[in-house]
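> Model the following, please.
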Amino acid sequence: MQYRKLGRTGIEVSRLCLGTMTFGSQNTFEEGHAQIDLALDHGINFLDTAEMYPVNPTSPETQGASEACIGEWFEKTGRRGDVVLATKIVGEGFGHIRGGAPINATTLREAVDASLTRLKTDYIDLYQFHWPNRGSYHFRKYWNFDATVQEKGTPQEDILEILQTCDALVKEGKIRTIGLSNDSAWGTMQFLSIAEKHGLPRVVTIQNEYSLLCRIFDTDLAELSHHEDVGLFCYSPLAAGIISGKYQGNVTPPDSRRTKVANLGGRLDGPNWEAATAAYLTVAEKHGLDVCQMALAWCLTRPFMTSAIFGATKHWQLENALKAADLALGQEVLDDIAAANRAHPMPI
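Got it, this is the predicted structure:
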């Protein structure tokens with residue numbers, strides 16, 4: 001397992017991160033604990049969760065269960081020091097979490113304290129903002145995104161208040177670093193410039209979607225990442241399982257995520273996902289590779305990648321994904337992947 005630093009800090013994290021959004025719904029606490037054990041046995045030291053998890057579906061009854069599952073593992077094993085822990089405040093829109101209120105000084109403190117209690121820990125290593133208050137183009141919203149609905153000047157006021165509160169939380173020892181999620185190049189630069197101007201905490205990562213089927217990070221955000229040392233902490237590197245090929249033919253396998261979310265967060269709404277997936281399945285077959293391992297290993301070749309978050313509902317899926325850490329892709333494989341991307345750009 002290889003490791004990278006979080007931004008300009010000295011915190012080192014594994015290139016693969018275990019995602020826990022199924023803990024407490026699709027996975028029992030016992031299964032979640034077994035996943036953490038296996039991941040750490042293979043060199044992973046990075047766990048990602050959020051106050052809104054588990055998902056598929058989200059509900060008031062299960063909200064916070066993923067954090068609680070991790071907290072029970074910490075309490076049972078005493079291994080808090082072996083883990084770099086990332087979690088998130090949900091932001092605006094989820095009525096069953098603080099009435100759907102946006103991120104501000106009050107909700108931020110409430111969310112941090114509630115997460116610390118569920119996680120049974122005194123500190124969070126990486127605290128992230130799940131969505132910006134101004135909205136975002138992620139989760140297929142980029143097809144009709146309109147930034148002109150944002151009131152000029154308001155985002156900067158929100159960001160200053162958020163960063164000032166984070167500064168206090170860092171000084172209190174409750175969080176160590178901060179990161180963004182589902183944000184843009186403009187939004188990230190606002191966080192960076194306001195932090196520099198006022199001497200406040202600097203964001204170290206941005207958790208956005210990235211996979212063979214979703215590569216919008218490759219342009220403006222990749223340039224920002226290079227110059228500003230804000231690495232991508234990507235989610236859905238297997239495109240919610242689409243890349244595995246299990247949905248080819250527009251089928252819905254039993255117990256798959258599609259049985260709970262029919263369009264996989266809008267990923268299956270377009271006409272091109274099957275053709276693009278077929279192209280990558282062909283590349284993997286040509287080179288004798290497992291397509292999921294190939295997709296994860298390819299993510300790790302990207303120069304802006306800090307860590308790729310993957311999750312599993314079955315133990316064998318986790319075992320298979322972990323093998324990607326040691327998979328080196330040759331130039332011919334990379335060339336074939338590039339050709340497939342040119343033939344099938346932006347399929348989801």
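> who's the residue nearest the centre of the chain bridged to?
The C-alpha lying nearest the average C-alpha coordinate of the chain belongs to Tyr235 (CA atoms, centre = their mean; 3.4 Å). Residues in a beta bridge with Tyr235, per DSSP bridges, are Glu209.
> where does the stretch 51-200 of the chain dip in pLDDT?
Of all residues in the stretch 51-200 of the chain, none has pLDDT under 70.
> now the helices for it?
65-77, 105-119, 154-171, 185-198 (DSSP state H, counting those that start in this stretch).
> how about a markdown table for these, with mean neighbour count and distance to Asp125 added?
C-betas here are computed from N, CA, C, even on glycine. Listed next are the helices of the stretch 51-200 of the chain as a markdown table, based on neighbours: other CB atoms under 10 Å; distance: least, CB to CB, whole Å:
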| stretch | mean neighbour count | distance to Asp125 |
| --- | --- | --- |
| helix 65-77 | 21 | 12 |
| helix 105-119 | 18 | 11 |
| helix 154-171 | 17 | 11 |
| helix 185-198 | 16 | 18 |
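> mind listing the helices for the stretch 201-348 of the chain?
Using DSSP H, counting those that start in this stretch, helices in the stretch 201-348 of the chain cover 220-228, 273-286, 291-301, 315-322, 331-343.
> Touching stretch 3-17 from outside, list them.
The contact list for stretch 3-17 (CB atoms under 8 Å, 6 or more residues apart in numbering) reads 1-2, 43-48, 84, 86, 125-126, 176-177, 202-205, 229-231, 233, 296, 300, 305-310, 321-322, 324-325.
> which residues touch Leu47?
The contact partners of Leu47, taken as CB under 8 Å, 6+ apart, are Cys17, Leu18, Thr20, Ile36, Ala39, Ile70, Val83, Val84, Leu85, Ala86.
> Please repeat the previous calculation with a cut-off of 6 Å.
By CB atoms under 6 Å, 6 or more residues apart in numbering, the residues touching Leu47 are Leu18, Val83, Leu85.
> Return the subset of these lying in strands.
Leu18, Leu85 (DSSP state E).
> which of the contacts of Leu47 has the most neighbours?
Counting neighbours by other CB atoms under 10 Å, Leu18 comes out on top of the contacts of Leu47 with 28 neighbours.
> Please name the bridge partners of that residue.
Leu47, Phe310.
> That one contacts Asp37, correct?
No. Leu18 is beyond contact range of Asp37, at 10.5 Å (criterion: CB atoms under 6 Å).
> which one is the residue lying farthest from the centre of the chain nearest to, not counting chain neighbours?
Seen from the C-alpha centroid of the chain, the residue lying at the greatest distance (CA atoms, centre = their mean) is Lys286, 29.9 Å away. Nearest residue to Lys286, sequence neighbours excluded (CB to CB, 6 or more residues apart in numbering): Asp336, at 6.8 Å.
> Number of residues surrounding the one you found?
19.
> try Ile44
24.
> Check Glu92 too.
Glu92 has 18 neighbours, counted by other CB under 10 Å.
> Report the separation between it and Ile162.
Going from Glu92 to Ile162 by CB to CB, to the nearest Å gives 13 Å.
> Tell me the pLDDT of the residue farthest from the centre of the chain.
Reported pLDDT at Lys286 in the predicted model: 98.
> now the helices of the stretch 201-348 of the chain as TSV including distance to Gly135?
Shown next, in TSV, are these (distance: least, CB to CB, whole Å):
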stretch	distance to Gly135
helix 220-228	17
helix 273-286	25
helix 291-301	26
helix 315-322	32
helix 331-343	28
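> ranking those helices by burial, who's on top?
helix 291-301 (a mean of 21; mean count of other CB atoms under 10 Å).
> Reformat the contacts of Leu47 into TSV and put distance to Asp113 next to each item.
Below are those laid out as TSV (distance: CB to CB, whole Å):
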residue	distance to Asp113
Leu18	24
Val83	20
Leu85	15
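> now, among the contacts of Leu47, which is nearest to Pro254?
Within the contacts of Leu47, the smallest distance to Pro254 is 24.5 Å, found for Leu18 (CB to CB).
> how about the closest one, what does it touch?
Shown in contact with Leu18 (CB under 6 Å, 6+ apart): Ala39, Ile44, Leu47.
> any idea how far Glu72 is from the last one?
Read it as Leu47. 13 Å.
> what does the second one give?
Ile44 sits 19 Å away from Glu72, taking CB to CB as the criterion.
> on that earlier part again, am I right that the residue nearest to the centre of the chain is in contact with Ser307?
No. Assessed by CB under 6 Å, Tyr235 is found out of contact with Ser307, at 10.3 Å.
> re earlier: any idea which of the contacts of Leu47 is closest to Val251?
Leu18 (27.8 Å).
> What separation do you get for that closest one and Ser244?
Leu18 sits 18 Å away from Ser244, going by CB to CB.
> Could you do Leu224 as well?
From Leu224 to Ser244 the distance is 31 Å (CB to CB).
> Distance check, the residue nearest to Lys286 against Leu318.
Asp336 sits 27 Å away from Leu318, going by CB to CB.
> now Phe310
8 Å.
> and what of Arg215?
Counting by CB to CB - Arg215 and Leu318 are separated by 25 Å.
> go on, Ala338?
In this view, Ala338 and Leu318 are 29 Å apart by CB to CB.
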